[in-house]
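*Asks:* What follows is a predicted structure for the sequence shown.
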Amino acid sequence: MKYGQIQGLEADKFRRLTGVKRTSFEKMIAILTEANIKKKAQGGRKNKLCIEDQLLMALEYIREYRTYFHISQSYGVSESSAYKTVRWVEDTLIKHPDFSLPGRKALLKSDMGYEVVLIDATETPIERPKKDKNTTTQAKRKDTR
């Protein structure tokens, strides 16, 4: 889904599709545009996708757990190009102070109380039937002779 197709969506539908509010999306676009200008100042090839589509690609990857192959087919780029684009968007936004998370020490110093919910996600072994003498291949060979 390219940005031109979702540009006219209402605010609640836009958030439902992308996972972020339109104001946050526009703030991310401004940060990525600034970073792209710095990156391209050293020279390089023009991107096939606009910044909005690159951000949408990264949001699809994060929100929908789609594979890079599926995302690349949707946007008409190679799988490696989709990987590089998503990594660049993630790294650029994480480095910016507006979207960085506070460190562990900052959380410990704050007076806020946190409620913790633990979810047990352990794996359970697959139940398989027990092997006995009749089901082994040696026992079958003896019966056929």
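*Replies:* Alright, I've got the coordinates.
*Asks:* what residue ranges in the chain are flagged as low confidence?
*Replies:* In the predicted model of the chain, residues 1, 107, 114, 120-125, 133-145 satisfy pLDDT under 70.
*Asks:* Now the most centrally placed residue in it: phi and psi?
*Replies:* The centroid of the chain falls nearest to Ile62 when counting by C-alpha atoms, centre = their mean (2.3 Å). Here is the backbone geometry of Ile62 (degrees, to the nearest 10): phi -70, psi -40.
*Asks:* That one and Val89: what is the separation?
*Replies:* Ile62 sits 9 Å away from Val89, going by C-beta to C-beta, to the nearest Å. Backbone N, C-alpha and C define where each C-beta goes, glycine included.
*Asks:* okay but the residue nearest to the centre of the chain is in contact with Gly19, surely?
*Replies:* Yes. Ile62 lies in contact with Gly19 (C-beta atoms under 8 Å); the separation is 7.4 Å.
*Asks:* Quick check: neighbours shared by the two?
*Replies:* Common contacts of Ile62 and Gly19, defined by C-beta atoms under 8 Å, 6 or more residues apart in numbering, are absent altogether.
*Asks:* Against Thr23, how distant is Phe14?
*Replies:* The gap separating Phe14 from Thr23 is 10 Å, by C-beta to C-beta.
*Asks:* can you check Ile37 too?
*Replies:* Between Ile37 and Thr23 the computed distance is 22 Å (C-beta to C-beta).
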